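Asks: Give me a 3D structure for the following:
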Amino acid sequence: MYRANILCCAGTGCNAGRSQEIYDNFNKYLTKYKLQDEVKVVKTGCFGLCQKGPIVAVYPDKVFYCHVKPEDVERIVSEHLYKGRPVVELELSEEDLETNETIYDIDKIKFYEKQERIALRNCGKINPEDINEYIAIGGYEALGRALTEMTPQQVIDEVKASGLRGRGGAGFPTGSKWQFEADQPAKEKYVICNADEGDPGAFMDRSILEGDPHAIIEGMAIMAYAVGAHYGYVYIRAEYPIAVNRLRIAIGQAKELGLLGKNIFNSGFDFDIEIRLGAGAFVCGEETALISSIHGRRGMPTPKPPFPAVSGVWGKPTSINNVETLANIAQILTKGASWYASIGTEKSTGTKVFALGGNIKNTGLVEVPMGTTLREIIYEIGGGCPGNKEFKAVQIGGPSGGCIPAELIDTPVTYEDIVKTGAIVGSGGMIVMDEDTCMVDMARFFLEFTRVESCGKCNYCRIGTKRMLEILERITEGNGREGDIELLEELAEKIKDGSMCGLGQTAPNPVLTTLKYFRNEYEDHIKNHKCTAASCKALIKYEITDKCVGCTLCARNCPVNAISGKVKEKHEIDPEVCVKCGKCQDNCKFNAIIKF
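Replies: The predicted structure follows:
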């Protein structure tokens, strides 16, 4: 029996911050101080508060250390675990807490105050590479109940009653999707976990797989039982090595204990899982393209109908759900459909996981009840924009979503309310933008991504996105023309109507939403050759004001000698020579240089 447990985040973000070294050092110094039999070190998944990583939590002391470095470990061991004195300077600052207590629980951290963790319930709490820890907190009980106490139809009815909708994009009712496959008379059926998370700035599925892989295995097994399948695939990005490794370990452990394979729980039900690695194609997140990739063919969408529930993998009925959707299944069966339906709103039940990024103080992973407003997420959880800058917009739903402006910040996050703004909830990427963001350039960035990721099958998507990108590039370079805005709108509508799959149909969304809410910025670029946010390099200028004292720092740091002037006299910038690198402004100690 250990008197203390050290939970060391080993998610991708903290791993990049040398969390493996931190873990190894804890074991090293616990041995040095002869505490190895009293204190246990546990590698966990993501805590969510990525901005403060690498993170180390000590229980039952309820101490939460942030920005931990390998060289801090001996001090934590010697002071906190040996002498009983927490290292206060490594704890969160008072602004991150609800109280001024020195020692505190995770529930007293503001970042978690409005969250309700269901899909993320075990992330940061258990060792994802130890099936015994998952079982100790109720893991696989839901699967056992489904196989021994419920019929497949009862499982489907429970999921239907919960109101759970697919968390990977459009929010289709999960129970209805399962029912379609269950109703097919075929003897051979399949299930797929879609872990091909490709949105820029999205890392929800990766973090769940890294922190709680058995929840996905259990969810897949329950889904398979409900629809009548005996084999499943996890289609996951090869760019997620930690998630892939932990999933492989988890599958192996589940097989060893008879939780995968033949006659699970002596129920007569057989189920096995295979991992298939994707090659990084965004379009393979679309279910028919994903199936083509599993078949060993190029990942390209195919027309629907037939839908995968009728003809999917190997031409057999197939149900596809993403990682977050499956992470909810065991909890729904354990706590009941009415419990899950009581969270969120009537039509958007449960919680949603979002990856907060961009111009936000607390970047990280959050899970909130559906119906939580954007304001609550961005300000009360995310902490607002750094440097007290004004919030301008949030891009939600990734390249398939859209930009929601500051005036709509009180929009509830539900499938229905977000669609009204012109965006979509999508898989859960949420990129915050402040006053310095050029919305035209933001639209260009996302369209550049979708153009590259287009499979090329549809002319509208392949050629249309290229033409739209050319126009946006021309506008941001100061060469916009009269009629460009109208041409963008025309192309966008035709691409939406003419494209076969969701990638093309939603590719124009970032452009359409920025045109809807920030049309003045497009007009400023085209008519006045000015970037409203002073962001587009081709359209900005630097000027030295009367605050200049002639210290010469700007001139000495200019890489192209564009600044001239005598010591103690006001300097000048030659706009013909200036390359707009911004080094002059960065080095000026008197705020004498402005950008406009």
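
Asks: isn't residue 585 right up against residue 578?
Replies: No - Residue 585 lies out of contact with residue 578 (C-beta atoms under 8 Å); the separation is 11.3 Å. (C-beta placed from N, C-alpha, C; glycine too.)

Asks: which neighbours do these two share?
Replies: Residues touching both residue 585 and residue 578 (C-beta atoms under 8 Å, 6 or more residues apart in numbering) are residue 542.

Asks: Alpha carbons only: can I get the lengthiest helix in the chain in CSV?
Replies: The longest helix of the chain (DSSP state H) is helix 459-476. Taking C-alpha atoms only, helix 459-476 is exported to CSV below (Å, rounded to 0.1, in the frame of the first residue of the first chain):
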residue,chain,number,x,y,z
ASN,A,459,-14.0,19.1,-60.3
TYR,A,460,-15.8,21.5,-58.1
CYS,A,461,-13.6,20.7,-55.1
ARG,A,462,-10.3,20.1,-56.9
ILE,A,463,-10.5,23.2,-59.2
GLY,A,464,-13.0,25.4,-57.3
THR,A,465,-10.9,25.5,-54.1
LYS,A,466,-7.8,26.3,-56.1
ARG,A,467,-9.5,29.2,-57.8
MET,A,468,-10.8,30.5,-54.5
LEU,A,469,-7.4,30.2,-52.9
GLU,A,470,-5.8,32.2,-55.8
ILE,A,471,-8.3,35.0,-55.2
LEU,A,472,-7.6,35.1,-51.5
GLU,A,473,-3.9,35.0,-52.0
ARG,A,474,-4.2,37.9,-54.5
ILE,A,475,-6.3,39.9,-52.0
THR,A,476,-3.9,39.4,-49.1
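
Asks: buried stuff in the next helix or strand after it?
Replies: Following helix 459-476 in sequence order, the next helix or strand is helix 484-498 (DSSP states H and E). Under the neighbour-count criterion of 16 or more other C-beta atoms under 10 Å, helix 484-498 has 484, 485, 488, 491, 492, 495, 496 buried.

Asks: And helix 484-498, what does it pack against?
Replies: With contacts taken as 3 or more C-beta pairs under 8 Å, 6 or more residues apart in numbering; DSSP states H and E, helix 484-498 sits against helix 459-476, helix 502-506, helix 509-517, helix 519-527.

Asks: hmm, try it at 7 Å
Replies: helix 459-476, helix 509-517 (3 or more C-beta pairs under 7 Å, 6 or more residues apart in numbering; DSSP states H and E).

Asks: mind listing the helices for the stretch 1-150 of the chain?
Replies: Assigned helices in the stretch 1-150 of the chain, in chain order: 12-16, 19-32, 73-75, 110-113, 131-136, 141-149 (criterion: DSSP state H, counting those that start in this stretch).

Asks: quick one, which of those helices is nearest to residue 50?
Replies: Using C-beta to C-beta as the measure, helix 12-16 is the one of the helices of the stretch 1-150 of the chain that comes nearest residue 50, at 4.7 Å.

Asks: Just the CA trace of the closest one, in CSV.
Replies: What follows is helix 12-16, C-alpha atoms only, in CSV (Å, rounded to 0.1, in the frame of the first residue of the first chain):
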residue,chain,number,x,y,z
THR,A,12,2.0,14.1,-26.4
GLY,A,13,2.3,17.7,-25.2
CYS,A,14,4.0,17.0,-21.9
ASN,A,15,6.1,14.3,-23.6
ALA,A,16,7.5,17.0,-25.8
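
Asks: Could you list the buried residues of that helix?
Replies: In helix 12-16, counting by 16+ other C-beta under 10 Å, buried: 12, 13, 14, 15.

Asks: how far away is the third one from residue 226?
Replies: This means residue 14. Distance of residue 14 to residue 226, given as C-beta to C-beta, to the nearest Å: 36 Å.
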